[in-house]
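1. Return a 3D structure for these sequence lines:
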Amino acid sequence: MTNFSTPQLSWLTTLGNEADIVLASRVRLARNLKNLPFPNRASINDLAQIKELIIRLIPAIESATGLKFDYLEIDKLTHLEQQVLVEKRLISQKLLNNPENRLLILSQDASVAIMVNEDDHLRIQCMSAGLDLNTPLARAFAIDDAIEAYLNIAFDEKMGYLTACPTNLGTGLRASVLLHLPALVMTQQLSKIVNISPQLGLAIRNFFGEDNAGNIFQIDNQLTLGFKEQELIDNLTSTVTEIISHEREARKALLNYSPDKLANRVWRSFGILKYARFISENEMLDLVSKVRLGIDLGIIDETKPELLNILLIASQKNYIQSLQQNENMTPQEIDKQRAHIIRKILQELAPDISKSRF
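-> Residues are numbered from 1 along each chain as shown. Next comes the predicted model:
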């Protein structure tokens, strides 16, 4: 069964390609069943029928992927369990708006998450660590083929796959990459990339939605109609590779031109994380971003880079409340518990940290 208490996800690790900059890659396919209304217009009976049809196909999906799956009926989860799934990016907030007959089919390693009856009947999400869009694309195709072997999918010869949102028409594919770009932010170069991305059919935005929190950004394709899936994947991969190059150059510049200033930022951030008794989510994201940069550049030795990846989940509000089994914690109580969790994780990942390049 799904473990709500773990902050670790198989696709949010430091083992992937370009993992010092690219945290994760995701491919999502939107699909709808032929002759059944989209979820926002479907009756309760329609939604129940769709849910049962998909549950019956879980063995076929397992056979196609070689993975084991659980399914979670959203309306049977507690509020905190629902919100933890949102924080882990396994479901959308929209799936919770009307939870009856909504479903999450989740692989036991959490690398595949299929939302049933969100905007579309099916949203097949496949994730991998680092820069790797082809592996999740292949897995999503395998799941799509397994479903289409039993069910008729809504498809038009001219428009492609029919979806609830017009922007998903065609391939129904959305691919995205999660990037840690602290040096581009520090050197004030990120805006150039953001401004040019629409010309490439892409969008780049802060993952946490405000003030460049954590210097973590999501870039994804905005076009689906008129393109083949592999073309979209290749375009995104090429752009991300270019962004990685710019981030590496910015990191070199920071090391070359202001090494002492950079080291001071990194070590001060580490000190606050190690000793703070209260810490907000945004402050944590800012500090951990600097520490992760220091780890990746060798400023801090004898610690592990997965600090950032783990804390992206472990420091979230609902995750903390779920651990405490208390959804009525005050903001101060959450900040205190967040600081405690950070100190505990640092003890595990950096028990004897003492070395510095500087």
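2. Check what contacts stretch 45-57 and list those residues.
-> 33, 36-37, 39, 42, 71, 100-103, 105, 114, 116-117, 121-122, 146-147, 150-151 (Cβ atoms under 8 Å, 6 or more residues apart in numbering). All C-beta atoms are positioned from the backbone trio N, CA, C, and that covers glycine.
3. again, only using 6 Å
-> Residues outside stretch 45-57 that contact it (Cβ atoms under 6 Å, 6 or more residues apart in numbering): 36, 101, 103, 116-117, 121, 147, 150.
4. Over to Asp70. Which of the three states is it?
-> Under DSSP: H, G, I helix; E, B strand; the rest coil, the three-state class of Asp70 is strand.
5. For Ile295, see how far away it is.
-> 34 Å (Cβ to Cβ, to the nearest Å).
6. So for those two, which sits in the more crowded spot?
-> For Asp70 versus Ile295, the count of surrounding residues by other Cβ atoms under 10 Å is larger for Ile295: 24 against 12.
7. Let me see the contact set for Ala113.
-> 90, 106, 125.
8. and if we set it to 10 Å?
-> Ala113 is in contact with 11, 26, 28, 69, 72, 85, 88-91, 104-107, 123-127, counting by Cβ atoms under 10 Å, 6 or more residues apart in numbering.
9. how close does it sit to Ala30?
-> As judged by Cβ to Cβ, Ala113 and Ala30 stand 14 Å apart.
10. can you check Glu281 too?
-> For Glu281 relative to Ala30 (Cβ to Cβ), the value is 30 Å.
11. Between the two, which has more neighbouring residues?
-> Ranked by neighbour count (other Cβ under 10 Å), Glu281 and Ala30 place Ala30 first, with 25 against 19.
12. Give me the subset of the contacts of Ala113 lying in helices.
-> Leu85 (DSSP state H).
13. Of the contacts of Ala113, keep whichever come out buried.
-> 11, 26, 28, 69, 72, 85, 88-91, 104-107, 123-127 (16 or more other Cβ atoms under 10 Å).
14. Helices along this protein, start to end?
-> Under DSSP H, the chain gives helices at 44-56, 58-65, 79-87, 134-148, 182-186, 190-196, 229-257, 259-275, 281-296, 306-314, 317-324, 331-349.
15. quick one: which of those helices is nearest Ile21?
-> helix 229-257 (5.2 Å; Cβ to Cβ).
16. Compute the inter-axis angle for the closest one and helix 259-275.
-> 110 degrees (axes from the mean of the first three to the mean of the last three Cα atoms, to 10 degrees).
17. Helix 229-257 to helix 281-296, inter-axis angle?
-> Using the same axes, to 10 degrees: helix 229-257 against helix 281-296 is 80 degrees.
18. what's the angle between helix 229-257 and helix 134-148?
-> Note on geometry: by the same axes, to 10 degrees, helix 229-257 and helix 134-148 are set 150 degrees apart in direction.
19. Give me the mean pLDDT for helix 229-257.
-> In this model, helix 229-257 has a mean pLDDT of 94.
20. Please identify the buried residues of it?
-> Under the neighbour-count criterion of 16+ other Cβ under 10 Å, helix 229-257 has 229, 232-233, 235-237, 239-240, 243-244, 246-247, 250-251, 254-255 buried.
21. Just give the strands next to the strand ranked longest in the chain in its sheet, each with its orientation.
-> Criterion DSSP state E: the longest strand present in the chain is strand 22-31. Next to strand 22-31 in the sheet, as set by DSSP bridges, lie strand 122-129 (antiparallel), strand 173-180 (antiparallel).
22. Could you pull up the contacting residues of the closest residue to Ala60 other than its chain neighbours?
-> Of all residues not flanking Ala60 in the chain, Ala146 sits nearest, at 4.5 Å (Cβ to Cβ, 6 or more residues apart in numbering). Shown in contact with Ala146 (Cβ under 10 Å, 6+ apart): 57-65.
23. Give the buried subset of those as a PyMOL selection command.
-> Selection of the buried residues among these in PyMOL, burial being defined by 16+ other Cβ under 10 Å:
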select buried, resi 57+58+61+64+65
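24. From the contacts of Ala146, pick the one nearest Pro198.
-> Thr65 (34.4 Å).
25. Starting from Tyr319, give me the distance back to the closest one.
-> From Thr65 to Tyr319 the distance is 27 Å (Cβ to Cβ).
26. And for Glu52?
-> In terms of Cβ to Cβ, Glu52 sits 31 Å off from Tyr319.
27. One more: Met115?
-> Met115 is 20 Å from Tyr319, by Cβ to Cβ.
28. Please identify which of the two sits among more neighbours.
-> Comparing Met115 with Tyr319 by other Cβ under 10 Å, the one with more neighbours is Met115, at 26 against 23.
29. partners of the nearest residue in space to the more buried one that is not next to it in sequence in the sheet?
-> Among residues not flanking Met115 along the chain, Arg123 sits closest, at 4.3 Å (Cβ to Cβ, 6+ apart). Under DSSP bridges, the beta-bridge partners of Arg123 are Ala30, Met115.
30. Quick one: neighbours of Leu297, just the number.
-> Neighbours of Leu297 under the rule other Cβ under 10 Å: 19.
31. That one against Val266, yeah?
-> Yes - look at Leu297 against Val266 with Cβ atoms under 10 Å: they come within range, at 8.2 Å.
32. Spell out which residues sit in contact with Lys68, please.
-> 58, 62, 107-109.
33. any idea which of those residues is closest to Asn168?
-> Ser107 (22.9 Å).
34. so what's that closest one up against?
-> 2, 10, 61-62, 65-70, 113-114, 126-127, 139.
35. what is it paired to in the beta sheet?
-> Bridge pairing for Ser107 - DSSP bridges - gives Phe69.
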